[in-house]
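>>> model the structure of this input:
(4 chains)
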There are 2 protein chains.
Amino acid sequence: MATDPARTLALLWRVEQPAGTRGPRRGLDLDDVVARATALADAGGPDGLAGLSVRALARELGVAPMTLYTYVPGREELAALVVDAAYAAMPRRDTSGLGWRERLTAVAEENLALHRAHPWAARVDPGRPVLGPGETAKYEHELAAFDELATLAGLDDVDRDAALTFLLDVTRAAALVEQHTADTGDAGAWWAARAPVLEQVLDPGRFPRAVRVGAAAGAAQQSARDPDRAWRFGLARVLDGLAALIG
Amino acid sequence: MATDPARTLALLWRVEQPAGTRGPRRGLDLDDVVARATALADAGGPDGLAGLSVRALARELGVAPMTLYTYVPGREELAALVVDAAYAAMPRRDTSGLGWRERLTAVAEENLALHRAHPWAARVDPGRPVLGPGETAKYEHELAAFDELATLAGLDDVDRDAALTFLLDVTRAAALVEQHTADTGDAGAWWAARAPVLEQVLDPGRFPRAVRVGAAAGAAQQSARDPDRAWRFGLARVLDGLAALIG
DNA sequence: CCGTACGCTGTACAACGTACTCCGTACAGA
DNA sequence: TCTGTACGGAGTACGTTGTACAGCGTACGG
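Numbering: from 1, shown residues only, chains lettered A, B, ... in the order given. This is a model prediction of the structure:
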């Protein structure tokens, strides 16, 4: 694999070289390839993007595996395209004019919706930016939501970025927990399979808080009444923490 | 693979059935296997745990690949053992008696140290608890750091868990960003490889904030002066957000 | 009308996890 | 002391992965 960053970026932004007109016409469209890959990843559950295989995608597209390599340099670049396309497809509420708390809440909700639509998105390494058009548009939109807060709190650009990262981190983490409880399905079965060993081993004398709090948190997460209490807790804490920056 | 949760838990807690005394003695120690696996994962960088292979570990231990399957049911369980061992090995400062801000800061710093020692630890899915002795001890220790805050703010057990999750999420996210800038190594080279395309494509008219803030944040992360500013920002926000719960 | 650039594919290789089968060891019971 | 058997370990093999390479056929530029 080349893994040439410039080539990957050119692919993401669709600024490939003209690609001479000789030979047979392409049978596929890059956007179709990415759309099908996204569907496959979605079908693959939380690890759908990691589990996305070139061969499976080729089968889906009715094409030989190696054919995909004329569209995309390799698996890694394909994943980047899928991620960026998901970012590009996010609905972005126009919240200009609203208060900063509402704007930040909207951003958080949009990201929560993303993670619900594409469970694998929560496993994308946030430390490795894709720098594609989708991610850039998302970044621009979300930074705009901080306009009022940045003014009120006197945030410079570095802090504005940190504040956004802060908000997204908490949202992603909440999505991961939510997915786990959803995957678990029958919560009783999950615990039932583990209880025999845990009862033998989780000594309330050694781990008083862990046993008590773990049981409470586990029960709360699985209660249908309050599925996203941790999420709302985190969001409220984020907003309060940022509010403390204001004068 | 069996992937029997009870078997995995028994393995983690070392409460395997006695295992009759017939036949040759075991040539390896499970703890050694896990220690070597940890070393291999550490050497593998950020994706070291995902990239840890049974064959490579067997080679390292001077043993046939299949031999490892008499110690561990499969790759997944091996990974769980590695993770739990890393949690178990974390130094845990005794901060009882200190103020809650100091105690929470200590917890955050311990986790940051973990992520620095084992970059792969930041990629462990926090939604899928391992429930081993290491994780349990870590959980107990960290919950204890919230004792004073829970009293002052009237946190119930569910909120206490959520608050801890909140703190750890922000820490993990900061570690991921830090790792990225560390991996990047020569920051100039990273940007240089991407600049030609980005300059062509990042229109400051379309993405005014993204271009401006992105540049500032990128520069700040790579400045040696202020490597963990985002981390301290996040931690301060967490503490302020939690402080708002008091009275 | 040809040469050539290009889309596409079949084959092949290295690496992976792990199921199955066998071998030799060393203890339990006689 | 002898023997049956439980058990640790290893060799082989299968199906999977990403992708390098070489060839084939198509359709346009000259």
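>>> could you list the low-pLDDT ranges of chain A?
Along chain A, the model assigns pLDDT under 70 to residues A:1-2, A:18-19, A:185-187, A:224-227.
>>> apply 90 and report the result again.
The model of chain A has pLDDT under 90 over residues A:1-4, A:16-25, A:126-127, A:177-192, A:217-231, A:247.
>>> biggest helix in it by residues?
Among the elements of chain A assigned as helix by DSSP state H, the one spanning the most residues is helix A:157-184.
>>> next to DNA strand C, which bits of chain A? Give me the list.
By the rule Cβ under 7 Å from any atom of the strand, the part of chain A lying against DNA strand C is A:19-20, A:22-28, A:63-67, A:69-71. To be clear about C-beta, it is placed using only N, CA and C from the backbone, and glycine gets the same treatment.
>>> next, the buried residues of the longest helix of chain A.
A:157-181, A:184 (16 or more other Cβ atoms under 10 Å in any protein chain shown).
>>> next: stretch A:67-80.
Buried residues in stretch A:67-80, defined by neighbour count with 16+ other Cβ under 10 Å: A:67, A:68, A:71, A:72, A:73, A:77, A:78, A:79, A:80.
>>> over to stretch A:87-103?
Neighbour-count burial for stretch A:87-103 flags A:87, A:88, A:90, A:95, A:100, A:101, A:103 (criterion: 16+ other Cβ under 10 Å).
>>> extract the C-alpha trace of it and format it as CSV.
Included here for stretch A:87-103 are C-alpha records, laid out as CSV according to Å, rounded to 0.1, in the frame of the first residue of the first chain:
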residue,chain,number,x,y,z
TYR,A,87,-19.9,13.2,8.6
ALA,A,88,-20.9,14.9,5.4
ALA,A,89,-24.4,13.3,5.6
MET,A,90,-25.1,14.6,9.1
PRO,A,91,-28.1,16.9,9.3
ARG,A,92,-26.9,20.2,10.8
ARG,A,93,-29.5,22.3,12.6
ASP,A,94,-29.3,26.0,12.0
THR,A,95,-29.2,27.3,15.6
SER,A,96,-27.8,30.7,14.9
GLY,A,97,-29.6,33.2,17.1
LEU,A,98,-30.2,30.7,19.9
GLY,A,99,-28.4,30.7,23.2
TRP,A,100,-25.1,29.0,23.5
ARG,A,101,-26.5,26.2,25.7
GLU,A,102,-29.1,25.3,23.1
ARG,A,103,-26.6,25.5,20.4
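>>> look up how far residue A:153 lies from residue A:247.
Separation of residue A:247 from residue A:153 (Cβ to Cβ, to the nearest Å): 8 Å.
>>> got it, and residue A:188?
Where residue A:153 is concerned, residue A:188 sits at a distance of 46 Å (Cβ to Cβ).
>>> quick one on the thing from earlier: of residue A:247 and residue A:153, give the one with the bigger neighbour count.
Relative neighbour count places residue A:153 above the other of residue A:247 and residue A:153, with 18 against 6, counting by other Cβ atoms under 10 Å in any protein chain shown.
>>> so what's the more buried one up against?
Contacts here follow Cβ atoms under 8 Å, 6 or more residues apart in numbering or on different chains; on that basis residue A:153 touches A:242, A:245, A:246, A:247.
>>> try 6 Å this time
Counting by Cβ atoms under 6 Å, 6 or more residues apart in numbering or on different chains, residue A:153 touches A:245, A:246.
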